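Enquirer: pasting the sequence and the predicted model now:
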Amino acid sequence: MTAAIALSTIEKQFSLSISHAFITTGSLQMVSQLVKVACLKDVPEGHAKVVQANGHELALCNVGGEIYCIDDLCTHDNGPLGEGELVNGQIECPRHGARFDVKTGKALCLPAVLPVSTYKVEVKGDDIYVGLPE
Ligand code: FES
């Protein structure tokens with residue numbers, strides 16, 4: 001069964017409109033839906049902006065004109081990452097100072113040790129879309 005047929009079957013079974021999927025080596029790993037979350041002008045270079053979409057609290061981060069998206073939730077103790085300072089692609093949690101790579105989600109220093117979730121971002125015109133789990 002091809003990936004396209006598999007996706008079509010899933011859409012019919014669950015009455016979903018799937019706009020994006022991540023497929024590797026023939027297996028369906030994760031299905032997500034692209035959701036418009038903000039406009040480019042809302043996220044100036046070197047800044048983060050907190051948005052809500054589909055029950056997720058997210059932090060959009062503009063690093064050199066590229067937009068990245070992470071959970072707005074520090075893995076140390078649920079601090080609001082989107083309120084942290086964004087420097088050189090790293091965001092610092094305003095509560096206890098853990099830093100995360102916004103491209104990969106990797107925790108770069110204590111007290112956080114676990115990565116923060118990252119989400120696929122697509123920019124279409126002036127609009128920012130994020131791939132969120134169904
Ligand atoms: S809550 Fe973020 S470093 Fe503690």
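Expert: Cool, got the structure. Numbers count the residues shown, from 1 in each chain.
Enquirer: buried ones in stretch 33-41?
Expert: Using 16 or more other CB atoms under 10 Å as the test for burial, stretch 33-41 gives 33-35, 37-38. For glycine as for every other residue, the C-beta is placed from the backbone atoms N, C-alpha and C.
Enquirer: now, those residues that are in strands?
Expert: 33-35, 37-38 (DSSP state E).
Enquirer: contact partners for the closest residue to Tyr119 other than its chain neighbours?
Expert: Computed as CB to CB, 6 or more residues apart in numbering, the closest residue to Tyr119 that is not its neighbour in sequence is Cys69, at 4.2 Å. The contact partners of Cys69, by CB atoms under 8 Å, 6 or more residues apart in numbering, come to 37, 58-61, 118-121, 130.
Enquirer: just Glu122 next, same as before
Expert: Counting by CB under 8 Å, 6+ apart, Glu122 touches 34, 128-131.
Enquirer: for those, which one is nearest Ala112?
Expert: Checking these against Ala112 by CB to CB gives Val130 as the nearest, at 22.0 Å.
Enquirer: any idea of the mean pLDDT for stretch 64-80?
Expert: For stretch 64-80, mean pLDDT rounds to 98.
Enquirer: so which bits of it are buried?
Expert: Buried, per 16+ other CB under 10 Å, within stretch 64-80: 67-76, 79-80.
Enquirer: so which of those reach the ligand?
Expert: 74, 76, 79 (CB under 6 Å from any ligand atom).
Enquirer: can you list contacts of stretch 106-113?
Expert: With CB under 8 Å, 6+ apart, stretch 106-113 has contacts from 74-77, 90, 93, 96-101, 114-116.
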